[in-house]
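Chemist: Sequence and predicted structure, then a few things I'm wondering about:
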Amino acid sequence: MLLSTKGTITYGPVRSRRLGWSLGINALPPYRKTCTFDCLYCQYGRAAPVSPDTARPGFPPVDDVLAAIEEALAGDIPQPAYLTFSGNGEPTLHPQFGDLVDGVCALRNRLVPDAKVALLSNSSLAGNTEIASALSCLDVRIMKLDAGTDALLANFNRPWPSLGLEDITRGLRSLPSVTIQCLLAGGPEGNSSHDDIESLIACLQRIRPRMVQLYSLDRDAPTPTLACLDTARLHAIGRLMDRAEIPTMVF
Ligand code: SF4
């Protein structure tokens, strides 16, 4: 079953598989997917990717985002361990992403100093110098990489046409302590053939992440030609990565 897009700036705290209790920050336009990718498995369903260079209406101003977080933290909620940029698409598309990161980190220091500021990103803008600088200020960067060739990136993640793997790889390599999140799927349009995994490992060896999180589909994908990989197959791929000296966890 697909998820609905969010209408609010904050959500949760939710207990995620990878972060534990986390207050979600959706600094993206409400009620629609806004993303530079259109992954075959997207939990929000299919929608054309957006250009990273075009001004887009509907993003909440930085002050509104900070006010919403402050209001959420003042409510009767469990103390979150993370404040996490995620939501209706790609968080780094926010036109003032650097100011947003600075503001959320300052708010965290004042109100929940034990919490970490995290982000889930598709990595598409990691090669942009300003975005990379803002990403470096975060405590936790969980960055997507599902493909090790431009052809597979184009078929599986369906990015905006100007986005390519070389920029993404170079950007990810420049960031400190990156966690890579990698969704693997089988089926005719999957990304887990022998060649797919070999090219992915070569890419990861260039990036040198602190950890790779491997997982497969856990919801219905909008594309019936994708299939979930079982845990045994994920562990087998994890062993190949471990042999290439890439630390891996299977979820
Ligand atoms: S990067 Fe995330 S939000 Fe964007 S299309 Fe892929 S799964 Fe959906």
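Modeler: Looks like it arrived, so ask away. Numbering: from 1, shown residues only.
Chemist: residue contacts, the one residue in the stretch 51-200 of the chain that gets nearest to the ligand?
Modeler: With CB to the nearest ligand atom, the shortest gap between the stretch 51-200 of the chain and the ligand falls at Asn122, namely 3.6 Å. For every residue, glycine as well, the C-beta is placed using N, CA and C. With contacts defined as CB atoms under 8 Å, 6 or more residues apart in numbering, the neighbours of Asn122 are 35-37, 39, 90, 143-144, 157.
Chemist: The ligand next: which of those residues are close?
Modeler: Contacts with the ligand are made by 35, 37, 39, 90, 144 out of the contacts of Asn122, judged by CB under 6 Å from any ligand atom.
Chemist: so the third one, which of the three states?
Modeler: Three-state assignment for Cys39 (DSSP: H, G, I helix; E, B strand; the rest coil): coil.
Chemist: what about it, neighbour count?
Modeler: Neighbour count of Cys39, defined by other CB atoms under 10 Å: 23.
Chemist: can you pull the contacts of the residue nearest to it when sequence neighbours are not counted?
Modeler: Ranked by CB to CB, 6 or more residues apart in numbering and with sequence neighbours excluded, the top spatial neighbour of Cys39 is Asn157, at 5.0 Å. When contacts are counted by CB under 8 Å, 6+ apart, Asn157 touches 37-40, 122, 144, 146-147.
Chemist: cool, Thr10 as well?
Modeler: Going by CB under 8 Å, 6+ apart, Thr10 touches 23-26, 68-69, 71-72.
Chemist: And Leu83, by the same measure?
Modeler: Taking CB under 8 Å, 6+ apart, we find Leu83 in contact with 22-23, 25, 69, 104, 107-108, 112, 115-118.
Chemist: Enumerate every residue touching Lys6.
Modeler: Residues in contact with Lys6 (CB under 8 Å, 6+ apart) are 24, 26, 30-31, 87-88.
Chemist: Can you tell me the closest non-neighbouring residue to it?
Modeler: Asn26 (4.8 Å).
Chemist: my guess is the one you found contacts Tyr11, does it?
Modeler: Yes. Counting by CB atoms under 8 Å, Tyr11 is a contact partner of Asn26 at 6.4 Å.
Chemist: what do the two both touch?
Modeler: The contact sets of Asn26 and Tyr11 overlap at Gly87 (CB under 8 Å, 6+ apart).
Chemist: Pull the most distant pair out of the contacts of Lys6.
Modeler: Gly24 and Tyr31 (15.3 Å; CB to CB).
Chemist: For the stretch 51-200 of the chain, just list every one of the strands.
Modeler: For the stretch 51-200 of the chain, the strands defined by DSSP state E, counting those that start in this stretch occupy 82-85, 116-121, 140-144, 178-183, 185-186.
Chemist: Specify the residue positioned farthest from the middle of this protein.
Modeler: Asp76 (28.0 Å; CA atoms, centre = their mean).
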